[in-house]
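Trainee: Quick one, structure for this:
(3 chains)
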Amino acid sequence: MAKEATGVDAPFDRRVYAMVARIPHGQLATYGQIAELIGAWGCARQVGWALRRLHLPSEVPWHRVVNAQGRIAMSPGREGSDWMQRELLMAEGIPVAVDGRLPLARHRWHPPLALLMAVASSAACEPSCTKG
DNA sequence: CCCCTGACCCTAA
DNA sequence: GTTAGGGCCAGGG
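Mentor: Numbers count the residues shown, from 1 in each chain, chains lettered A, B, ... in the order given. Coordinates of the predicted model:
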C-alpha cells in the first residue's frame, strides 16, 4: 500500500473514507463538513472526487454524504448511484423526495467534541487538501 | 503550459 | 422558499 500516485490509496482519499465511515447509521453529513473534519477546509469538491473514485459496492457509507442544500448530488457516469443512494437512505429511515430533497436539518450528524478538537489541533499543521 | 470541467459552497437577487 | 453567479482546488485533454 503506500502508493500516493494511485487515487484510492492516496492519503487524502483515505481520510475521506475514514471520516465518512464515522457517520452514524441514519445520520447525514455534507461534503464541506467532511472536508472540514479532515482538515481540508474549502475542499468539498475533492471529497466528491474521492467518493467518485470509490469502487461500488463499498463498506464506506457514501450515501450518508449529501450537499449543503440538502439534496442528493448527481454523479456523472453513474446513473444508478442516485437511485441507490435514495434506497439506502430510506432503508435507514430517512425520507427522500423524488427530486432528491431530504430533511438534512433533522438527520444532520453532530461530530463528537473530541473529534472536533483533534481536527483543530491537526489543522494547524496540516496544509489542506494539497498533497504533501 | 493553458483551458475546461467537476458527486461543492457561499452570497445575492 | 428558490435560482443565478462567482470562487474554490484538483484532474484530464
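Trainee: Please make it C-alpha for all contacts and neighbour counts, starting now.
Mentor: OK.
Trainee: Does at least one residue of stretch A:21-41 sit close to DNA strand C?
Mentor: No - residues of stretch A:21-41 are not located near DNA strand C by CA under 7 Å from any atom of the strand, the shortest gap being 8.4 Å.
Trainee: mind listing what's buried in that stretch?
Mentor: Neighbour counts over stretch A:21-41 (16 or more other CA atoms under 10 Å) mark A:23, A:26-41 as buried.
Trainee: Point me to the residue of chain A nearest DNA strand C.
Mentor: Nearest residue of chain A to DNA strand C (CA to the nearest atom of the strand) works out as residue A:130 at 2.8 Å.
Trainee: part of a strand, is that residue?
Mentor: No - secondary structure assignment (DSSP: H, G, I helix; E, B strand; the rest coil) places residue A:130 in coil, not in a strand.
Trainee: Show me the buried residues of stretch A:21-41 that map onto strands.
Mentor: Members of those lying in strands (criterion: DSSP state E): A:29-30.
Trainee: For DNA strand B, tell me which of the buried residues of stretch A:21-41 show up nearby.
Mentor: Contacts with DNA strand B are made by A:30-33 out of the buried residues of stretch A:21-41, judged by CA under 7 Å from any atom of the strand.
Trainee: Could you confirm whether the helix or strand harbouring residue A:46 reaches DNA strand C?
Mentor: Taking DSSP states H and E as the definition, residue A:46 sits inside helix A:44-53. Yes - under the criterion of CA under 7 Å from any atom of the strand, DNA strand C is reached by helix A:44-53 at A:45-46.
Trainee: picking up where we left off before, count the residues that sit near the residue of chain A closest to DNA strand C.
Mentor: 10 (other CA atoms under 10 Å).
Trainee: Repeat that for residue A:84.
Mentor: 12.
Trainee: Cool, thanks, talk later.
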